[in-house]
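Peer 1: predicted model and sequence follow; I will ask about them next.
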Amino acid sequence: MNNLSSMDAPFILQGATRTLDSHHGPHGHARKNNWRRMTLVSTILAISVVASVSNASAPTLTPRGTMHASSVEDLEKITSWASPLDPNRFNPYTGSLLAPLMIPRVSGTANNTLVQQFILDHFAALNQTSPGDGSAPVDDSGDNSQKKKRSKHGWHVEQDRFEEMTPYGMKTFTNLIFTKNPKATNRLVFAAHFDSKYFPPPNAPFSPNGALDRMGQRLRGNGGDDTLPFTAGTDSAVPCAILLDLAASLDQALEDQMWANTNRAAQAGWEEDEETTLQFVFFDGEEAFVDWTATDSLYGSRHLAELWAKRTVPKVRLATGRNGGSTSNNLEGIELFVLLDLLGVENPRIPSYFGTTQWAHRHILSIEERLWQSKLHGTQLLANKQRRALLQAQNVEERAGEEEEDEMDRLEEEAIEIETPLHAYLTEDAAYGGVDDDHRPFLHKGVPILHIIPTPFPHVWHTLQDDAKAIKPEVVEGWTNIFRVFTAEYLQLLHPRTRQNPRHDEL
Ligand SMILES: [Zn+2]
């Protein structure tokens, strides 16, 4: 992604078309200017935030209806949906969901294909797991004999493969899309890019196709597997690992909901029940090969947005959520497009980028507060881990076991007492001057965007230090807790609708 930071146009309006500024760095004059503007905005916003902090469980009004906060018990249930996931899964060196992504994976290279296969295998494994063997909620509506017979809906897989010209010649790109219920007309989408940026070795031979960069310099390197060893942990291995975790941890609850809906539709005499489903998009080719321009960047997202704009699908009737017999394009059913980028380091600071999705930003902020109260926030998980490490360094583990446990408990309490910001990742600020990223082709076609990217960028951004050392697994765990709860609450996974409990818009 790239900061949009030209002096002449510091404001990005939703849906506005503009020429990209090619300045390739997070720090500029415009940014400072924006900070000043932000101060004023945050002062105004602070007034309403006081109310939201004191009322983190208040329902949120969304374009889809009312979104309720989970109970503390539900919150703990959702965040403990780990099986069959490895507790060490976000370790950047060995973790099952993260380590396989931590390789240079420039678009068009063999490594990029390896990472695609890893992602495909993850969903294939979910499709093979038989229902009921996860620790996710058990469907207790309906009788058991029926439950045993049911087969898995699984995840629908779409591979959007195409070729496009780059400064290094023609390259192949592949977007991967996984949809829980491909028949559903509406979707909650989570997206991240899986490619990594190409950095030519300084003394590499000149590019065989003789291309020039913007300054008229001949390009070095082959634009592929001779790249410097940039493993791009935050950019965006960690966001991809979070998406994989969401799919695995929510899978059982999604299956149960689909069965509950099928039964409900049958009772009501409908042919099938159209619902909002969950979809994951893994973009290829987000990074520029040379300089960030309108043509050298966002290869995958530009292609997919065009593809979906042309695709005709049954249109949802908003009043009932069911097919009204007419058609629309495949973008119109996206209720919310959540794009994750540059996550995994401590202390991110994420403002609200778009007014139309401020409800979602605020709701996630309220989830952070509730997780904090349940001691499940990433900042707390990390503080506790650091304290434990400190204790071990002081040889406290040599003391009697019981005493040690007491000491651990006391220190954990202390960690929580010391830092009580409640929400630590999202801020109440509204951002002016957007960050260019994979959401843009969708934004310009009218899709509501929630952009989860820190401002300013992590200090390791686009350096070789954006590697395993920069990643804090506890921070990643904190993020996945947040998005699990958001998805469960948005899709009403814990308390599926029944005929006695209709959706708000059916009343
Ligand atoms: Zn990048």
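Peer 2: In hand now; what should we look at?

Peer 1: immediately after the lowest-mean-pLDDT helix or strand in the chain, which helix or strand?
Peer 2: Among the helical and strand segments of the chain, the one scoring lowest on mean pLDDT, DSSP states H and E is helix 29-53, with a mean of 34. Once the chain leaves helix 29-53, the next helix or strand it forms, by DSSP states H and E, is strand 60-62.

Peer 1: can you tell me how far the residue of the stretch 201-350 of the chain found nearest the ion is from Ile103?
Peer 2: At 4.1 Å from the ion, Asp235 is the closest residue in the stretch 201-350 of the chain, using C-beta to the ion. The C-beta positions use only the backbone N, C-alpha and C, and glycine is treated the same way. Taking C-beta to C-beta, to the nearest Å as the measure, Asp235 falls 13 Å from Ile103.

Peer 1: who has more neighbours out of those two?
Peer 2: Remark: of Asp235 and Ile103, Asp235 carries more neighbours, 27 against 18, as counted by other C-beta atoms under 10 Å.

Peer 1: tell me how far the more buried one lies from Glu287.
Peer 2: Going from Asp235 to Glu287 by C-beta to C-beta gives 8 Å.

Peer 1: now do the shared contacts for these two.
Peer 2: 196-197 (C-beta atoms under 8 Å, 6 or more residues apart in numbering).

Peer 1: tell me the SS of the residue nearest to Met258 when sequence neighbours are not counted?
Peer 2: Closest residue in space to Met258, ignoring its immediate chain neighbours: His153 at 5.2 Å, by C-beta to C-beta, 6 or more residues apart in numbering. Following DSSP: H, G, I helix; E, B strand; the rest coil, we place His153 in the coil state.

Peer 1: residues contacting His153?
Peer 2: Contact partners of His153, counting by C-beta under 8 Å, 6+ apart, are 180-181, 255, 258.

Peer 1: pLDDT score for it?
Peer 2: pLDDT, His153: 87.

Peer 1: then Thr463?
Peer 2: For Thr463, pLDDT reads 97.

Peer 1: quick one on the thing from earlier: just the buried ones from the contacts of His153?
Peer 2: 180-181, 255, 258 (16 or more other C-beta atoms under 10 Å).

Peer 1: any regions of the stretch 251-400 of the chain where pLDDT drops low?
Peer 2: 270-274, 315-326, 395-400 (pLDDT under 70).

Peer 1: would you map the helices across it?
Peer 2: Under the criterion DSSP state H, counting those that start in this stretch, helices of the stretch 251-400 of the chain are mapped to 299-310, 358-373, 378-393.

Peer 1: okay, angle between the last one and helix 358-373 too, please.
Peer 2: Okay, so that is helix 378-393. Interaxial angle, helix 378-393 versus helix 358-373 (axes from the mean of the first three to the mean of the last three C-alpha atoms, to 10 degrees): 30 degrees.

Peer 1: where does Arg499 land on pLDDT?
Peer 2: So, for Arg499, pLDDT stands at 48.

Peer 1: same question for Glu506.
Peer 2: Per-residue confidence at Glu506 stands at 44 (pLDDT).

Peer 1: on that earlier part again, out of the contacts of His153, which is nearest to Gln267?
Peer 2: Met258 (15.1 Å; C-beta to C-beta).
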